[in-house]
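1. sequence-free structure coming up:
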């Protein structure tokens, strides 16, 4: 298995959990501290669980973090998602657009 496939496995694993996707959705708007993320999920997840999810996201390189004093800032890294899109999704999307274009032409010819 290539390094690219190993990386893709980490990304798909990270994206497979709805709570991790929720963290990414929050980070899409702006970087957040770990404390802010924990506050957002305080009714459903404890701090330890949020940290575990962040670790999985960091391992997949979907989240980049840095410390400023005692504060840890988490940033979304969309590059791995774009790579997945380029490799796995865009070719299917192109095919779907071609099918829709053909369907439109066929329907217009019937009229």
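-> Cool, the structure landed. In this text the structure is predicted, and so the values were computed from the model without any measurement. Numbers count the residues shown, from 1 in each chain.

2. shaky segments in this protein?
-> 1-2, 111 (pLDDT under 70).

3. strands of the chain, residue ranges please.
-> 32-33, 63-68, 71-76 (DSSP state E).

4. and the second one, which strands flank it?
-> Using DSSP bridges, the strands paired with strand 63-68 are strand 71-76 (antiparallel).

5. and stretch 37-52, how far apart are its ends?
-> Using C-alpha to C-alpha, to the nearest Å, the end-to-end distance of stretch 37-52 comes to 12 Å.

6. pull out the buried positions in it.
-> 37, 38, 41, 45, 50 (16 or more other C-beta atoms under 10 Å). Where you see a C-beta, it was placed from the backbone N, CA and C, and this is true even at glycine.

7. what's the answer for stretch 85-105, then?
-> Going by 16+ other C-beta under 10 Å, stretch 85-105 has no buried residues at all.

8. and the contacts of it?
-> The contact list for stretch 85-105 (C-beta atoms under 8 Å, 6 or more residues apart in numbering) reads residue 8.

9. re earlier: and of the strands of the chain, who's closest to residue 108?
-> strand 71-76 (42.1 Å; C-beta to C-beta).

10. let's have the buried residues of stretch 37-52 in TSV, adding distance to residue 99.
-> Converted to TSV, the buried residues of stretch 37-52 look like this (distance: C-beta to C-beta, whole Å):
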residue	distance to residue 99
37	41
38	45
41	41
45	42
50	42
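
11. that's all I had, so thanks and see you.
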